[in-house]
Each structure stands twice: as C-alpha cells, then as structure tokens.
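# here's my sequence, what's the structure:
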Amino acid sequence: MTKKRTELTADQLRGQVRSAVFERSDDQDSSVIRFPVASDTPIQRWYGQEILSHKPGAMVMGERQKTLPLLFNHNRDKLLGVVEKLDQDKHRTYATVRFSSSEEGQKAKAMVDERVLVNCSFQYEILDYDMVRGEDPDDDQLIATSWEIYEVSLVTIPADSNVGVYRDFETNLKENKMAIRGQENSENKVNDSEQQERENVREAAIAEARRVEVEREKVRQDERQRIENIYSLCRQFNIEDSERENMIRSNESIENIRSHVLDLLGKRSVSPVGVASRGISEDIGLTAAERSNFNLVRALNAALTGDWSKAGFEREVSQTLAKRSGRETTGFFMPSDVTMQRDTTGYFVGQPTQGGNLVATDLRSGSFIDLLRAKAMVTRMGATVISGLVGNVEIPRQTGASTTYWLAENTAPTESNATFDKVSLKPKTIGALSSVSRNLLLQSSMNVEAFVRNELAVSLALGIDLAALCGTGTNNQPTGIANMSGICTVEGGTNGGSLTFDKLIDMETQVATANADVTNMYYLCNAATIGFLKKIKNTSGDYIWKPITEAVRNGFPGEVNGYAVGRSNQVRSGLEKGTSNNCHEIYFGNWADLLIGEWGFLEIDVNRYGDAWKSGGVEIRALQTIDIAVRHPKSFCLFSDALLS
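Residues are numbered from 1 along each chain as shown. Got it, this is the predicted structure:
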C-alpha cells in the first residue's frame with residue numbers, strides 16, 4: 001500500500017518552534033552569554049523529518065536579526081533582554097544574548113546562574129526547502145534551504161510535540177496528519193505501473209533538489225568572489241571602509257563596481273598627491289604647520305653646499321621619504337603637498353610679546369602639485385588626475401554593450417554580453433631642468449621661494465602637456481592622444497588641407513557620432529591657429545570666433561561654434577604631410593577622459609657644474625613619476641594636417 005502525500009503550504013511552515021538544552025560558560029558575573037539554539041539534527045514533524053540546513057547563506061541574516069528579542073516562554077510581553085548576535089559553525093547555530101537591567105531580566109539571569117532555568121527555544125519560519133521523498137511518508141526529509149529566526153526564548157518546559165507553548169498549533173498539525181493518513185488507508189492499492197511512475201517522480205525530485213542546490217552553491221560562490229574582488233579593489237586604491245561596505249550591499253556586478261571606483265578616483269583629482277591614507281607618497285605624519293615650514297630654497301642651498309646644518313628639518317623629511325620608498329638620491333626628496341606660509345614682515349613671530357601671539361598660522365591655498373596642475377593646460381581643460389598611486393594600475397573599460405531583441409511569444413533571446421578591456425597606467429618618470437642664479441638662492445624671501453617653485457612647476461607642466469598630447473609611447477614616454485589607436489581623425493588631404501569651419505564641424509560630428517560628446521568639450525590649438533580662426537567667417541559673413549569676456553581669459557581666449565578654445569603652444573606646428581611642411585594640429589574632445597596617474601613625491605637635485613655655472617647660476621632638476629592614458633579614444637578627434645592658408 002503506497003501512501004498518498006500532500007503538498008505543504010506556507011502557513012504550515014510558519015511559526016515553527018524548536019527547543020534545546022541551555023548551555024553557558026562558568027562566567028556567572030557576565031550579563032552576556034552565548035548558547036546553541038539550533039542544529040542540523042533531523043526533527044520528526046507530521047510531514048516527515050525536518051532538517052535546518054547550516055550551509056552558508058541558508059539562515060537569513062537581515063535587519064530583523066540585528067535586534068531579536070530574548071523572551072520568557074515566547075511571551076512578547078515578557079522581555080528579558082536582546083539577542084546581540086547569531087553565528088554558526090558547520091552544524092549548530094549560537095545566540096549571544098544580553099540580559100536587561102530590568103527586574104524581570106535580572107530575575108531570569110539569577111535563575112540561569114542557579115541552573116534553574118536551563119531550557120531555551122526559538123521561533124522560526126521556513127522560507128524555502130527541498131523535499132526528499134522516502135519509501136514511507138515518515139521517512140520524507142524536508143531540508144530547509146532558507147529559514148529565518150524571529151525570536152529566542154528561555155522556557156520552563158521545552159516546546160516539543162507533546163507539551164509547551166504553541167501546543168495547540170502542533171496538535172492541529174498532528175490531527176491534520178492523522179486525517180490524511182486515514183484518507184490514505186481508505187484508498188485502493190495502486191497497480192505496478194503507477195508504483196513505477198511514483199518511483200520515477202521521486203527520483204526526478206531528488207535529482208532536481210540536487211540540481212537546485214548546485215545552482216545555489218554556484219550563486220554563493222559567485223557572491224563570495226564578488227566580495228573578494230571588491231576588497232581587492234578597495235585595498236589597491238585605498239577606498240574608505242564605509243564606501244566598500246556600500247559597494248558590497250549594492251549587489252552591483254563587479255564591472256559596475258570597477259566603474260564606480262574609477263569615478264571615485266576621478267574625484268580625487270582636486271586633492272594634492274600624498275593626502276593622508278592614499279598610497280605611500282607623503283603620509284609621514286607631518287602636520288599642516290610642518291608642511292608649511294618645508295623650505296625649498298633652504299633645501300636647495302643645503303644640497304648645493306653639502307651643509308645641512310641650517311636645513312635639518314628638510315633633511316629629516318627627505319630621509320623619511322627615502323626610507324619609505326626604498327630609494328636613494330644625491331639631492332633630496334620633497335613632499336608635493338607642501339604649502340607656503342605668508343611673509344610677516346614687521347613683527348618677530350618667534351617672540352610672543354613682540355607680535356607672535358597676533359600672527360596665526362596662515363597657509364596659502366594650494367601645494368606644489370596644485371601649482372603644477374595650474375600650469376598644465378590639459379589639467380586646466382579637465383583631465384582626470386588619479387593621485388597617490390602605488391605600483392601598476394589597471395582600470396576596466398567597457399568596449400561593447402549587450403544586444404537587445406524583440407521576441408515572439410515563447411522564444412528566448414540570443415545571449416549577448418557586454419565586453420571589457422583594461423586601461424593600464426605604469427610609472428614613467430619625467431624630468432625637468434630649470435636654472436636660477438646662486439645669488440637668488442641666497443635670499444630668504446617668500447617671493448623667492450614662490451619663484452623657484454613656479455619655475456619647476458612650469459618646466460614639469462610643459463613636459464606633461466607635451467606627453468599628454470603627442471607622447472610617442474616609446475623611449476620611456478607615455479602615449480599621448482595623437483598616438484592613441486582608435487581616436488577620431490579629420491584629414492585635410494594628401495598635402496594637408498585648409499582649416500575651415502566645415503572641418504571644425506566634422507571634428508565635432510565624429511565625436512558625437514561615437515556617443516562620446518558631453519557638456520564640457522573643448523578645442524585646443526596653438527597661438528598661430530587661434531589667430532587664423534579669428535579671421536574665418538561663416539556663409540553669412542560673420543566671424544565664427546567669439547571672445548570669452550566673462551571667464552578667465554588666460555588660456556581660454558574665445559570659443560568657436562559654442563565650444564571654448566584652449567591655447568597652448570605645446571600643440572605642434574611645422575608638421576610634414578606630403579609636400580607641405582607647416583601643418584598644424586587641432587584637438588577636440590572630452591578632456592575628462594584623459595587620465596593622468598601620479599605616483600609618489602618629487603625628487604630634486606642640483607648641478608653646480610652645468611652650463612649655468614659659467615654665469616654663477618645653478619641648474620635644478622625635478623623628477624616626477626606619472627603616466628597618461630585615455631579612457632575612451634573616441635572622446636577625442638585630431639586634425640593633424642591643418643594649413644593656415
């Protein structure tokens with residue numbers, strides 16, 4: 001006789017209760033105790049054996065589980081404390097509870113300490129399960145693959161199948177079971193073919209349960225891998241812990257997370273290199289006042305004479321940076337986030353009674369690296385600066401999108417996925433030479449300090465501009481926009497072509513066609529080209545050039561067709577094309593997609609025997625480590641053979 005089985009409803013799996021013998025440590029004075037409340041031991045229910053899976057993720061851990069109540073006999077009006085934590089090993093679930101300081105809470109704690117109140121229980125709900133059928137309904141196994149605890153109680157009598165709280169609920173289930181069994185006994189025997197069919201169904205159900213479990217394990221493995229990748233990204237780019245947790249909770253794919261990390265790095269461009277907690281650069285514990293006291297001219301004089309007696313602070317900073325980087329230098333290392341203190345002529349700041357109390361620490365805004373960026377035209381046009389880098393960096397980039405389909409009824413879409421590659425940034429060192437007179441270095445004026453810093457910043461900025469625009473990618477150079485594969489181009493002809501309004505429109509159109517146009521787009525060209533643009537007229541006889549009077553004019557003298565035009569003589573002229581040997585470049589694009597990576601700090605050295613020595617001057621060499629890349633090549637268009645005729 002094969003017994004007929006029934007399907008379980010959600011109501012029959014809600015409000016379940018299990019009991020356990022209370023266990024605790026011998027620390028009687030503690031108000032916080034930990035004890036097991038559940039296990040994966042099979043429990044006989046009216047529908048068969050019930051097993052609470054203890055595989056990772058089976059027990060629901062959400063907001064509700066952060067504030068579970070500790071009750072007495074499952075009575076919601078008798079609150080004894082709070083469940084501070086639920087945790088598991090491979091086979092058991094533990095609750096860490098804290099007793100309330102209320103009268104009822106302390107009474108319960110006292111009974112626990114006296115070994116009088118020794119039983120615990122918990123209420124839970126089964127949210128999802130796999131049913132493994134046995135030869136007899138009593139041998140059926142319900143494996144709870146998703147279950148949630150609602151409350152934990154200390155109880156006088158365990159809530160088993162015979163006695164305890166919720167006995168009416170269990171009794172109803174038992175009566176339901178008896179009614180079903182009676183109905184089964186009254187049915188006729190099934191024939192052999194039906195028996196075989198039932199066996200086939202049973203085996204299929206077992207196979208399906210195993211398949212579902214494999215899929216769920218795959219999902220759990222993918223989630224663990226996603227979280228591990230997020231941790232790795234956050235460690236590499238020094239992302240704040242709070243931001244990392246937000247990424248984990250967002251359930252976004254790792255590809256979207258990488259894009260989010262890139263956006264966060266882009267926002268760092270407004271901060272100087274070496275801000276505390278980013279990279280290995282200048283986070284050596286200097287206060288703001290100490291950074292303002294670093295004197296570049298004083299350090300240059302010490303490096304020039306070999307006498308550091310008057311530059312002890314600068315030498316200590318340089319030695320600390322050398323130790324941090326594992327590098328040596330014949331000159332000195334300088335933090336790139338040092339600021340300058342204002343001159344306070346007229347008072348002796350060192351003596352409180354002579355004015356020192358009246359002079360606050362007044363730091364000028366900006367640091368050396370900010371000064372450098374202000375001088376570099378590409379950064380003024382919006383290039384994204386990623387600072388504080390350590391080691392090689394790879395930034396993911398989406399190169400293709402998923403395909404959408406319109407479907408007929410009962411048909412599946414063709415699978416298609418977005419495609420990705422990587423934008424790489426690898427450290428490359430740029431050097432700049434500047435010369436100043438030795439007499440100038442002997443001065444102690446803040447204006448002299450600013451002058452020397454400005455000279456170095458201008459030299460480095462010109463090098464960065466040139467590399468960003470036309471770096472060859474060989475001989476230790478970064479690859480500039482002009483030599484990037486995949487950018488948009490407009491050509492004048494075999495021997496070059498005249499610069500016309502139509503050519504400018506063609507440049508804008510190519511970027512827009514590639515869906516790379518955004519709000520802040522700029523042209524960049526040299527002074528000669530701007531002079532020619534000012535003379536061009538449209539078909540109506542109006543000049544296409546419009547001066548910008550409201551904005552800062554230096555570097556952005558005007559606009560063409562609604563787009564501002566930047567000016568830099570780093571944009572090349574005198575290029576050869578066919579028989580022409582005086583072609584000019586013009587760039588157009590979204591400059592925020594130009595990435596400039598910055599590593600570490602500045603290395604500065606002096607050469608007293610260079611060409612400047614003959615006239616009593618000193619050559620100063622500054623080294624900075626950077627790299628340049630483009631996030632999306634189609635964000636830029638280059639007209640490289642423009643003729644100004």
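# OK, contacts around the residue nearest to Val317 when sequence neighbours are not counted?
Distances taken as Cβ to Cβ, 6 or more residues apart in numbering place Phe294 nearest to Val317, at 6.3 Å, with adjacent residues excluded. Just so you know, the C-beta spots here come from the backbone N, C-alpha and C atoms, and that holds for glycine as well. By Cβ atoms under 8 Å, 6 or more residues apart in numbering, the contact list for Phe294 reads 313-314, 317, 334-335, 338.
# so which of those residues belong to helices?
Of the contacts of Phe294, the ones assigned to helices by DSSP state H are 313-314, 317.
# can you redo these as TSV with distance to Val490, pLDDT and neighbour count?
Converted to TSV, the ones in helices among the contacts of Phe294 look like this (distance: Cβ to Cβ, whole Å; pLDDT from 0 to 100; neighbours: other Cβ atoms under 10 Å):
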residue	distance to Val490	pLDDT	neighbour count
Phe313	54	87	16
Glu314	51	88	24
Val317	50	86	25
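# quick one: the helices in the chain?
Going by DSSP H, the chain shows helices at 103-113, 167-185, 192-237, 241-250, 254-267, 288-293, 296-305, 312-325, 368-375, 377-380, 438-441, 446-470, 501-513, 527-533.
# pLDDT averaged over the longest one - what is it?
Same thing as helix 192-237. Average pLDDT, helix 192-237: 76.
# show me what the residue nearest to Glu576 when sequence neighbours are not counted is bridged to.
Leaving aside its chain neighbours, Glu576 sits nearest to Cys583 (7.0 Å; criterion: Cβ to Cβ, 6+ apart). Taking DSSP bridges as the rule, Cys583 bridges to Leu575.
# in the stretch 451-600 of the chain, where is pLDDT below threshold?
For the stretch 451-600 of the chain, applying pLDDT under 70 flags the ranges 517, 519, 549-554, 600.
# quick one: contacts for the closest residue to Gly480 other than its chain neighbours?
Nearest in space to Gly480, with sequence neighbours left out and distances taken as Cβ to Cβ, 6+ apart, is Gly471 at 3.6 Å. Going by Cβ under 8 Å, 6+ apart, Gly471 touches 477-480, 483, 628.
# which one of those residues sits closest to Cys120?
Nearest to Cys120 out of the contacts of Gly471 is Ile628 (Cβ to Cβ; 64.1 Å).
# isn't the closest one right up against Thr479?
Yes: with contact defined as Cβ atoms under 8 Å, Ile628 reaches Thr479; the gap is 6.9 Å.
# which of the two has more neighbours?
Each of Ile628 and Thr479 has its neighbours counted (other Cβ atoms under 10 Å); Ile628 has more, 24 against 19.
# could you check how far the more buried one is from Ser424?
11 Å (Cβ to Cβ, to the nearest Å).
# kindly report the same for Glu585.
Distance from Glu585 to Ser424, by Cβ to Cβ: 25 Å.
# ok, these two, which is more surrounded?
Glu585 (22 against 12).
# quick one: contacts for the more buried one?
Counting by Cβ under 8 Å, 6+ apart, the residues that Glu585 touches are 469-470, 482, 525-526, 571-573, 575, 638-640, 642.
# for Glu50, same thing?
Glu50 is in contact with 16, 42-44, 126, 141-142, 144, counting by Cβ under 8 Å, 6+ apart.
# buried subset of those residues?
16, 43, 126, 141-142, 144 (16 or more other Cβ atoms under 10 Å).
# ok, so of the residues you listed, who is nearest Ala108?
For these, the minimum distance to Ala108 (Cβ to Cβ) is 23.7 Å, reached by Gln16.
# so which residue is dead centre in this structure?
With distances taken as Cα atoms, centre = their mean, the residue of the chain nearest its centroid is Val261 (3.1 Å).
# in terms of pLDDT, where does that residue sit?
Looking at Val261, its pLDDT reads 75.
# ok, now Phe636?
pLDDT, Phe636: 94.
# can you give me every residue that contacts it?
Neighbours of Phe636 in contact, by Cβ under 8 Å, 6+ apart: 481, 484, 487-488, 511, 587-590, 593-594, 630.
# keep only those of those residues that are in strands.
488, 587-589, 594, 630 (DSSP state E).
# tell me the one of these nearest Leu533?
Relative to Leu533, and with distances defined as Cβ to Cβ, the nearest of the ones in strands among the contacts of Phe636 is Phe588, at 12.4 Å.
# quick one: the closest one from Ile487, how far?
In terms of Cβ to Cβ, Phe588 sits 10 Å off from Ile487.
# so the two - more neighbours on which side?
Each of Phe588 and Ile487 has its neighbours counted (other Cβ under 10 Å); Phe588 has more, 27 against 21.
# excluding covalently adjacent residues, which one is nearest to the more buried one?
Met507 (4.4 Å).
# pretty sure that neighbour is touching Cys637, no?
Yes: assessed by Cβ under 8 Å, Met507 is found in contact with Cys637 at 4.3 Å.
# need the overlap of contacts for those two.
What both Met507 and Cys637 touch, as defined by Cβ under 8 Å, 6+ apart, is the set 488, 490, 588.
# can you add distance to Glu245 and give these back as a markdown table?
Formatted as a markdown table, these follow (distance: Cβ to Cβ, whole Å):
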| residue | distance to Glu245 |
| --- | --- |
| Cys488 | 41 |
| Val490 | 47 |
| Phe588 | 41 |
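# which among those residues gets closest to Ala95?
Cys488 (63.2 Å).
# pretty sure that closest one sits against Val511.
Yes: counting by Cβ under 8 Å, Val511 is a contact partner of Cys488 at 5.9 Å.
# what do the two both touch?
If you check Cys488 and Val511 against Cβ under 8 Å, 6+ apart, the residues they both contact are 634, 636-637.
# switch those over to a markdown table; also include distance to Val219.
Shown next, in a markdown table, are the shared contacts of Cys488 and Val511 (distance: Cβ to Cβ, whole Å):
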| residue | distance to Val219 |
| --- | --- |
| Lys634 | 36 |
| Phe636 | 41 |
| Cys637 | 45 |
